[in-house]
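Trainee: coordinates for the following, if possible.
(one chain, ligands or ions: 1)
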Amino acid sequence: MSDQAAPSPAPAKRPRPKRGEGQWALGYREPLNKNEQSKKDDNPLNVRARILNVYSKRGFASIDPADLRGRFRWMGLYTQRAPGFDGGKTAMLEEEELDDEFFMLRVRSDGQLLTAAAVRALGTIGVDFARDTADVTDRENIQYHWIRIEDVPAIWERLDEAGLSSLEACGDSPRPFLGSPVAGVARDEIIDGTPALEEIGRRYLGDPEYSNLPRKFKTAITGHPSHDVSPETNDVSFVGTVHPEHGPGFDLWVGGGLSTNPMLAQKLGVWIPLDEVAAAWEGVISIFRDYGYRRLRSRARLKFLVQDWGVEKFREVLETEYLQRELVSNPSPPSPVGHRDHIGVHEQKDGKFYIGIAPTAGRVSGTLLVQLADLIEEFGVAGARLTPYQKIVLIGVDGDRVQPLLDRLDAIGLSGRPSQWRRNTMACTGIEFCKLAIVDTKNRARDLVAELERRFPDLDTPITVNVNGCPNACARTQVADIGLKGQLVMSDGEQVEGFQVHLGGATGLHANFGRKLRAHKVTSAGLDDYITAVVESFLAERTEGELFAAWVLR
Ligand code: SF4
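Mentor: Residues are numbered from 1 along each chain as shown. The predicted structure follows:
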């Protein structure tokens, strides 16, 4: 394999600490763990050619293990969990022992408007190559399962024709970008971030300079006042704001991330105009590449650097070493306004309407996406966007077609007027396909929603429920009203699937992490009754207008 074209180091060197954390800018260029070694051995982007020219032709057994469990991720491919291993095996077996010969494939949408043709392409890929699977993820991706390596070239060809890609959908790379699902159409939008998102994609996706980061790097951009891209939980976020002198632009936040050491993103206190967002993004990702910690994977996220440096130093390094200019200070960025999920019918600035629709916990299917593409065509809809809440927003619906379209959407199971439970429940991949999972999530969430709809049919306030299969918090455990972290719990002397409960987490105006109470562990089988008891207490004790998280934190 060829040597990796190593990205250039940062210009200035800082004092080298006694025991380095693998920061390139401090001179630690020798790999300190096997992940770093693998990236140095060969640029992960090179695996694309081997998939096309070798592995897809010779089959699964021909795949170099270093590609299979490492570099494949840069192409959006992970081996999925082999059937038959329960959650107790997750910690006991090596990851490769849980490998199946099938793959999960993640396709990034990056906030773009998906035309009927694109939605149809996504659907038919599910039908033809993925046993009809397709999930909407909370990173605005479509995620497939049961993919064979032999089919990957044909899938990529179809994605390419539809203007879509799985490039860097996983791996230590610029992961899929979150864009506002209502960019360019919402009446109350501060600024449309679409040009900046497109420019970042055009300039930097697949660029070897940014394909060997310490770990994943998550981006979010929105100009909507609700802050609808969960900016608190991304490595870098650009959030619409109006500067008193300079007008609309973006507030820059850095260092958000959940998992086992959750941290909310912090505001740098600067204002970035639309045409400078891409350069500022490059500055932030370059700081991460050069100064990010590479010794321990558990410390290799930007949030740890931001925590250690503080925002003042981060801003100073960004300005002096990477942008070579001072940024405009932004004295009073706005607080978020309104609900973020865009569910239901909303008038656009051009007089048309957008409709947010809710699959249950993000689960759709190839067939359902094809049906959705049919409706988009039949009703003359401009297209669809995916949301960070595992939902879909249809853009550009004529006023006189809203009602008949809602009825047809209901008929295929994609409601634009869902219950509070269906609207506010998310679930990660879970034990069905994820090798790190301890418990089932998607099916559990589906059954939970059905049962809570039966028990609380008229719930009049949002209560978010995020179901996660392990501590990694892919479905944002810590920022839900009821956050569920999958683990084994004891029941009648036996270990069974269950959850640690986090109560009262939130993003937005009252952003904070949910309380983790030692006693709040529940078996998966007992989840319906546990949530019922908590919600009944809330409904009995709440004051007028009081939200669930505020009640928990009283
Ligand atoms: Fe897998 Fe855990 Fe992430 Fe769920 S939270 S998708 S189980 S790694």
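
Trainee: what are the pairing partners of the host helix or strand of residue 357, and which direction each?
Mentor: Element membership of residue 357 [criterion: DSSP states H and E] is strand 353-357. Strand 353-357 has its sheet partners listed here by DSSP bridges as strand 344-347 (antiparallel), strand 392-397 (antiparallel).

Trainee: show me which residues of the worst-scoring helix or strand of the chain on mean pLDDT are buried.
Mentor: The least trusted helix or strand in the chain, going by mean pLDDT, DSSP states H and E, turns out to be helix 88-92, with a mean of 73. Residues of helix 88-92 classed as buried under the neighbour-count rule (16 or more other CB atoms under 10 Å) are 89, 90. Where you see a C-beta, it was placed from the backbone N, CA and C, and this is true even at glycine.

Trainee: list the contacts of that helix.
Mentor: Contacting residues not belonging to helix 88-92 are listed as 98, 435, 436, 437, 438, 470, 488, 495 [CB atoms under 8 Å, 6 or more residues apart in numbering].

Trainee: want to throw those residues into a markdown table with neighbour count, distance to the ligand and secondary structure?
Mentor: Shown next, in a markdown table, are these (neighbours: other CB atoms under 10 Å; distance: CB to the nearest ligand atom, whole Å; DSSP: H, G, I helix; E, B strand; the rest coil):
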| residue | neighbour count | distance to the ligand | secondary structure |
| --- | --- | --- | --- |
| 98 | 19 | 12 | helix |
| 435 | 25 | 8 | coil |
| 436 | 19 | 4 | coil |
| 437 | 25 | 3 | coil |
| 438 | 25 | 7 | coil |
| 470 | 25 | 3 | coil |
| 488 | 19 | 13 | strand |
| 495 | 13 | 17 | strand |
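
Trainee: which of the strands paired with strand 353-357 sits most buried?
Mentor: When the strands paired with strand 353-357 are scored by mean count of other CB atoms under 10 Å, the highest mean neighbour count falls to strand 392-397 (a mean of 24).

Trainee: hmm, back to that, using PDB, list the CA coordinates for the strand holding residue 357.
Mentor: The C-alpha coordinates for strand 353-357 follow below in PDB (Å, rounded to 0.1, in the frame of the first residue of the first chain):
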ATOM      1  CA  PHE A 353     -46.200  25.100   2.300                       C
ATOM      2  CA  TYR A 354     -43.800  22.600   3.800                       C
ATOM      3  CA  ILE A 355     -45.000  19.500   5.700                       C
ATOM      4  CA  GLY A 356     -43.000  17.700   8.300                       C
ATOM      5  CA  ILE A 357     -43.800  14.000   8.400                       C
END
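
Trainee: any idea of the mean pLDDT for that strand?
Mentor: Summarised as a single mean, pLDDT over strand 353-357 is 98.

Trainee: any chance you could map the strands in the stretch 451-554 of the chain?
Mentor: Along the stretch 451-554 of the chain, the stretches classed as strands by DSSP state E, counting those that start in this stretch are 465-468, 482-491, 494-503, 515-523.

Trainee: tabulate these (JSON lines), appending mean pLDDT.
Mentor: As requested, the strands of the stretch 451-554 of the chain are exported to JSON lines (pLDDT from 0 to 100):
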{"stretch": "strand 465-468", "mean pLDDT": "97"}
{"stretch": "strand 482-491", "mean pLDDT": "95"}
{"stretch": "strand 494-503", "mean pLDDT": "95"}
{"stretch": "strand 515-523", "mean pLDDT": "86"}
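
Trainee: winner for burial among those?
Mentor: Most buried among those, counting by mean count of other CB under 10 Å: strand 465-468, with a mean of 28.

Trainee: let me see the residues that make contact with that one.
Mentor: Contacts for strand 465-468 (CB under 8 Å, 6+ apart): 361, 421, 424-428, 430, 441, 444-445, 448, 474-477, 479-486, 499, 531.

Trainee: helix, strand, or coil at the residue nearest to the spatial centre of the chain?
Mentor: In the chain, the centroid-proximal residue (CA atoms, centre = their mean) is residue 139; its distance is 2.7 Å. Of the three states, residue 139 takes coil according to DSSP: H, G, I helix; E, B strand; the rest coil.

Trainee: is the least confident helix or strand of the chain positioned near the ligand?
Mentor: No. Using CB under 6 Å from any ligand atom, helix 88-92 never reaches the ligand; the gap is at least 8.7 Å.

Trainee: can you show me the CA trace of that helix as PDB?
Mentor: Extracted as PDB, the C-alpha positions of helix 88-92 are listed here (Å, rounded to 0.1, in the frame of the first residue of the first chain):
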ATOM      1  CA  GLY A  88     -24.100 -10.100  26.600                       C
ATOM      2  CA  LYS A  89     -21.700 -11.000  23.900                       C
ATOM      3  CA  THR A  90     -21.000  -7.400  22.900                       C
ATOM      4  CA  ALA A  91     -18.300  -6.800  25.600                       C
ATOM      5  CA  MET A  92     -17.100 -10.400  25.700                       C
END
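
Trainee: what backbone torsions are found at residue 104?
Mentor: With angles defined as degrees, to the nearest 10, residue 104 sits at phi -90, psi 140.

Trainee: quick one: pLDDT of it?
Mentor: 97.

Trainee: can you check residue 393 too?
Mentor: pLDDT, residue 393: 98.

Trainee: ok, now residue 507?
Mentor: What the model reports as pLDDT for residue 507 is 87.

Trainee: can you select the buried ones from the contacts of strand 465-468 in ChimeraX?
Mentor: Those of the contacts of strand 465-468 that count as buried under 16+ other CB under 10 Å are selected in ChimeraX with:
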select :361,421,424,425,426,427,428,430,441,444,445,448,474,475,476,477,479,480,481,482,483,484,485,486,499,531
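
Trainee: noted, bye for now.
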